[in-house]
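J.: Sharing a model that was predicted from the sequence below.
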Amino acid sequence: MQISYVTGNKGKVELINLIYKDLGINVIQEDIETPEIQDADCKEVAKYSAKYAAELLNKPVLKNDSGLVIETLNGFPGAFAKYAEEMLGAEGFIKLMEGKKNRKCYWVEALAYCEPGSEPVVFESISHGILSEDIRGNRGYPYDKIYIPEGDTRTFAEMTVDEQLATFDTKAYMELVEYLKQK
C-alpha cells in the first residue's frame, strides 16, 4: 500500500516510513503548500489541510499537525508551536521557563487522512515529557534541544532517530493502519 504524505519535511516522511517499515506501507512525500488555519486545536488544523490537499491532488492523502503543550504556560504554544519556535527559539523557551518548577509538557500529534469527496478522519497521539533547564544536543530543531521525553534524561537532540522513535507515541499511526485495513 502507498500513502501520499503532504509535507515539506523529508524527516517526517522518513520517520513514518520507519514506523511502517514492517507493515507493507510505503509513504511518499507530496511537497505542496496547503492553507493552515489558525486554530488552537491541532486536529482542526490537520483536518482542514488534509481536505484541501485531497481535493487539490484528487487522491487520498495524509497530513499532520503537531503542538507542544506546556502545562505551566497554560498550554502555550499548543498548535502554534512552529510559529513560537521560529519566533522564540530554544533560548526564548528557556527564558520563559525561568523559575518555573512545573516543566511538564506533551506533544500532540494529529494525523488526518482524507480521500477526495470525503471528510477527513483524524487520529491523535500524545507523547509526554519535560522541558530541560538548558539547551542540550546539536541535532534537529530548537524544540529538540529542550524537550526530554518521559522516561529519559536526554533531550531529543541528544538521541538518534531510533532512540527518539522508541519514546514517541505511535498510537495515531497504528490506528490509521487499522482504519485503512477496514476500508
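T.: Done, it's in. Note that the coordinates shown come from a computational prediction; the quantities given were computed from them, not determined experimentally.
J.: Apart from its chain neighbours, what residue comes closest to the residue positioned nearest the centre of the chain?
T.: Closest residue to the average C-alpha location of the chain: Ser66 at 3.8 Å, with Cα atoms, centre = their mean. Computed as Cβ to Cβ, 6 or more residues apart in numbering, the closest residue to Ser66 that is not its neighbour in sequence is Glu109, at 4.8 Å. Heads up, the C-betas are built off the backbone N, CA and C, glycines and all.
J.: beta partners for the one you found?
T.: Beta-bridge pairing for Glu109 (DSSP bridges): Ser66, Ser125.
J.: I'd say it and Asp169 touch.
T.: Yes: if you go by Cβ atoms under 8 Å, Glu109 and Asp169 touch, sitting 7.3 Å apart.
J.: Those two - which one has more neighbours?
T.: Glu109 (21 against 18; other Cβ atoms under 10 Å).
J.: who touches the more buried one in this structure?
T.: If you count contacts by Cβ atoms under 8 Å, 6 or more residues apart in numbering, Glu109 has them with 42, 64, 66, 124-127, 169, 172.
J.: likewise Tyr113?
T.: Residues near Tyr113 by Cβ under 8 Å, 6+ apart: 3, 50, 60-62, 120-123, 176, 179-180.
J.: Report the beta-bridge partner residues of Ile28.
T.: Bridge pairing for Ile28 - DSSP bridges - gives Ser4.
J.: For it, give its distance to Val6.
T.: According to Cβ to Cβ, to the nearest Å, Ile28 stands 10 Å off from Val6.
J.: next one: Leu96
T.: Separation of Leu96 from Val6 (Cβ to Cβ): 31 Å.
J.: about what we covered before: inside strands: which ones of the contacts of Tyr113?
T.: Using DSSP state E, the members of the contacts of Tyr113 that fall in strands are 3, 61-62, 121-123.
J.: Need the three-state assignment for the residue lying farthest from the centre of the chain.
T.: Most distant residue from the mean C-alpha position of the chain: Gly99, 27.8 Å away (Cα atoms, centre = their mean). For Gly99, the assignment made with DSSP: H, G, I helix; E, B strand; the rest coil gives coil.
J.: rewinding a little: intersection of neighbour lists for Glu109 and Asp169?
T.: In contact with both Glu109 and Asp169: 125-127, using Cβ under 8 Å, 6+ apart.
J.: what about burial for the residues you listed, which qualify?
T.: Taking 16 or more other Cβ atoms under 10 Å as the criterion, what is buried in the shared contacts of Glu109 and Asp169 is 125, 127.
J.: Alright, I will stop here.
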